[in-house]
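>>> Dropping the sequence and predicted coords here.
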Amino acid sequence: MEQEFLKHLFQQEFSKMVAVISRRFGLQHIETAEDIVSETFLLATETWGTKGLPANPAAWLYTVARQKTLSYFRRNKIFEDKVIPEIRRKQELPDQPEVLNFSQQNIKDSQLQMLFAICMPAIASEAQIGLALRILCGFGIDEIAEAFLSNKETINKRLFRAKEKLRSEKIQLVFPPENEITKRLDNVLHIIYLLFSEGYYSKTQNQILRKELCIEALRLGLMLTEYEKTNLPKTNALIALMCFHASRFDARRNTEGELVLYEEQDEKRWDTALINQGIHFLNLSASGKELSSYHLEAKIAYCHCSKEDTAEKWEEILQLYNQLLMISYSPAAALNRTFALYKANGAEPALREAEKLKLEDNHFYFVLLGELYKNIDKSKAMNCFERALALAKTSAEQQLIRQKIKEL
């Protein structure tokens, strides 16, 4: 229980403390901020292990982090020679001895500014996700490496290059100018979307990690709603999309850890509170004139929150996919649109569309072809399922395909 509490506290407070320290002293000292916070938690583990938990663990951490931060900068003469003159020049803290402000408002502002800094287009998407997991979600290098099916050395190099980019581009922890915020928000939403997808469609077998990735993506999305300029319809649409998908998270696996297809999921295992939260944010997203891909994907996900299997339902989903492909084409959306066509109009028209896609390296494509052929040509269906099995990368997906072959 103590280990779980400390892990949760680390993930909860690490990002706040790093964001506040980086905001005060600049992103060029982000690694120093990480080291100070890590040392603070190490001291907390040692101290609390002998003396017990303090009445307010977070306040204890903030006090120690503040002391360690000031000690570091004073010791290295950076504080007096560079930081204080810069602070006075900006008139941020005139004659104020309290250098680090761990108020809830300052923490929120610092984290939101850090989110925009990390999601600079100059940094590659994978590095942005890695930085978000490390700096904003408090994930360890081992966990990030597992999420990316990589190793610690590769992740450390990726994060180092990303932090160097923050320094070389002289990125500041400030809100973007009003005329740039919508453009910058698009990239922030995209990274949150990718982070959620990394958890929801993850190849890692670690169920706890996969779920935590989704929860953190949802938390970052909700953070954007606390700031008027980023609390836009498309932000609410993305949150709705994540809520609807996350509501079925536990139902996607059985007790043996095997994948459960949508049609076979136990509706009682769906999280109705998350579905209702999704409906709330979907309604909020309806304001304004913009129709984003997140709006359409959220509405598709909402349709899947009902188990009714009618032609009308699938016709609605099909039309939503038609709109989505016009706004933002992707092979995955085209594949899903073909499945909706199959459910709405039958296998033959879906087969004609599916064969045009030619997604030769995608095992989902061959699973769909196998499904479409199974009542038309069992030999072709078998060939497709076998191709899918050869391409599938996780044991859960392979097990599901073997079951389809067995049923054929």
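Ah, there it is. Numbers count the residues shown, from 1 in each chain.
>>> pLDDT weak spots in the chain?
Residues of the chain meeting the criterion pLDDT under 70: 1-2, 77-80, 82-84, 86-99.
>>> and the residue nearest the centre of it, helix, strand or coil?
The centre of the chain sits closest to L195, judged by Cα atoms, centre = their mean, with a distance of 2.5 Å. Using DSSP: H, G, I helix; E, B strand; the rest coil as the criterion, the local structure at L195 reads helix.
>>> so what's A58 closest to, chain neighbours aside?
The shortest distance from A58 to any non-neighbouring residue, by Cβ to Cβ, 6 or more residues apart in numbering, is to E13 (5.8 Å). C-beta coordinates here come from the backbone N, C-alpha and C atoms, glycine included.
>>> what about the one you found, distance to A65?
9 Å (Cβ to Cβ, to the nearest Å).
>>> And for E228?
Distance from E228 to A65, by Cβ to Cβ: 30 Å.
>>> more crowded one of the two?
A65 (26 against 7; other Cβ atoms under 10 Å).
>>> which residues touch the residue nearest to the more buried one when sequence neighbours are not counted?
Leaving aside its chain neighbours, A65 sits nearest to T40 (4.6 Å; criterion: Cβ to Cβ, 6+ apart). Counting by Cβ atoms under 8 Å, 6 or more residues apart in numbering, T40 makes contact with M17, L61, V64, A65, K68.
>>> I figured the third one was touching L43, is that so?
Meaning V64. Yes: counting by Cβ atoms under 8 Å, V64 touches L43, with 6.2 Å between them.
>>> Those two: who's more crowded?
V64 (19 against 15).
>>> what helix or strand is that one on?
helix 57-75 (DSSP states H and E).
>>> Buried ones in that helix, by neighbour count?
Residues of helix 57-75 classed as buried by neighbour count (16 or more other Cβ atoms under 10 Å): P57, W60, L61, Y62, V64, A65, R66, K68, T69, Y72, F73.
>>> do stretch 301-313 as well
A301, Y302, C303, H304, C305, K313.
>>> Surely the last one is in a helix?
To tie it back to what came earlier, the one meant is K313. Yes: the assignment for K313 by three-state DSSP puts it in a helix.
>>> burial count for E4?
8.
>>> Could you look up the SS state of it?
helix.
>>> Please tell me how far it sits from F10.
In terms of Cβ to Cβ, E4 sits 11 Å off from F10.
>>> Please name the residues that touch A145.
Neighbours of A145 in contact, by Cβ under 8 Å, 6+ apart: N151, K152, T154, I155.
>>> In helices, which of the buried residues of stretch 301-313 appear?
A301, Y302, C303, K313 (DSSP state H).
>>> K163: which of the residues you listed is nearest?
If you rank these by distance to K163 using Cβ to Cβ, A301 comes first, at 34.8 Å.
>>> Quick check: chain neighbours aside, which residue is closest to the closest one?
Using Cβ to Cβ, 6+ apart, the closest residue to A301 is F244 (3.6 Å).
>>> For that neighbour, pull up the helix or strand it's in.
Per DSSP H and E: helix 233-247 holds F244.
>>> Pull up the gap between P331 and N156, please.
Distance from P331 to N156, by Cβ to Cβ: 32 Å.
>>> same question, A246
Relative to N156, and taking Cβ to Cβ, A246 is found at 30 Å.
>>> Please say which of the two ends up with more neighbours.
Neighbours per residue (other Cβ under 10 Å) separate A246 from N156, with A246 holding more: 23 against 14.
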